[in-house]
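Engineer: based on what follows, work out the 3D shape:
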Amino acid sequence: MPNFVARVSFETQLFVNWSLRYFFRRYGPPFTRVLLVESGSRSVFDRVVPRLFETHGEGMELDLVTCHAGTPAGFRGRVYRVQDYSTSAARRGLYAELAARDFTVVGILCSNEPIMTKWKWMLAARLPAKILVINENADSLWLEGANWRPLAHMARVHWGLTGASVGPAIVRILLWPFSLAYLLLYAAVVHTKRRIRTS
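Structural biologist: Next comes the predicted model:
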């Protein structure tokens with residue numbers, strides 16, 4: 001129990017430190033050591049990687065966390081494949097190793113694809129670096145309070161809450177609890193009938 005409390009306390013402190021240091025402050029760190037999290041299609045990072053080297057110079061160190069084979073166009077650096085970290089102990093080791101690399105920027109691909117979703121948010125929470133959100137068009141913006149409007153718009157687009165799709169999306173959200181309740185009730189009835197027949 002004390003270990004669990006200590007771990008929760010540490011992770012809470014880590015999040016508070018990260019949020020106060022980076023989210024509530026306009027701060028553009030140097031692109032000296034960058035980690036890219038490829039939580040989406042390879043084609044996006046095929047455009048992002050050459051652009052980063054062109055903008056920030058060849059001296060930039062670039063690492064990659066991915067689930068894809070190979071590497072993006074123009075990439076050179078360390079590659080961490082999530083398939084190699086399937087156990088909780090291996091993941092803790094990876095988080096510690098990445099934290100020790102002292103990244104100044106973590107670029108996370110948010111392209112509305114169900115790829116490495118848990119990985120990207122866990123890395124965003126655990127690594128003490130400024131988060132660069134990269135969309136499916138290879139455009140990017142900092143994850144900070146000053147950008148809350150474009151970030152909120154991006155979230156609405158990804159959740160289908162813009163234009164003509166707003167109405168159906170809201171209906172789905174409102175009907176979801178009733179659909180879940182119906183499915184649970186149906187499953188309970190089916191299992192009860194089966195038990196009565198077998199007893």
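
Engineer: which residues does stretch 103-112 contact?
Structural biologist: By CB atoms under 8 Å, 6 or more residues apart in numbering, the surrounding residues in contact with stretch 103-112 are 29-41, 44-45, 48, 52, 63, 120, 123-124, 127, 129-136, 140, 154, 157-158. Using the backbone N, CA and C atoms, a C-beta is placed for each residue, glycine as well.

Engineer: what's the mean pLDDT across it?
Structural biologist: Throughout stretch 103-112, pLDDT has a mean value of 89.

Engineer: could you chop this protein up by domain?
Structural biologist: 2-144, 163-198 (automatic domain parsing).

Engineer: which stretch in those has the least confidence?
Structural biologist: Among the domains of the chain, domain 163-198 scores lowest, at a mean of 79.

Engineer: any idea how far the residue most central in space within the chain is from residue 36?
Structural biologist: The residue lying closest to the centre of the chain (CA atoms, centre = their mean) is residue 120, at 2.6 Å. Separation of residue 120 from residue 36 (CB to CB, to the nearest Å): 11 Å.

Engineer: now the end-to-end length of stretch 104-120.
Structural biologist: 16 Å (CA to CA, to the nearest Å).

Engineer: mind checking how far it is from the chain centre?
Structural biologist: Mean-position distance between stretch 104-120 and its chain equals 4 Å (CA atoms, centre = their mean, to the nearest Å).
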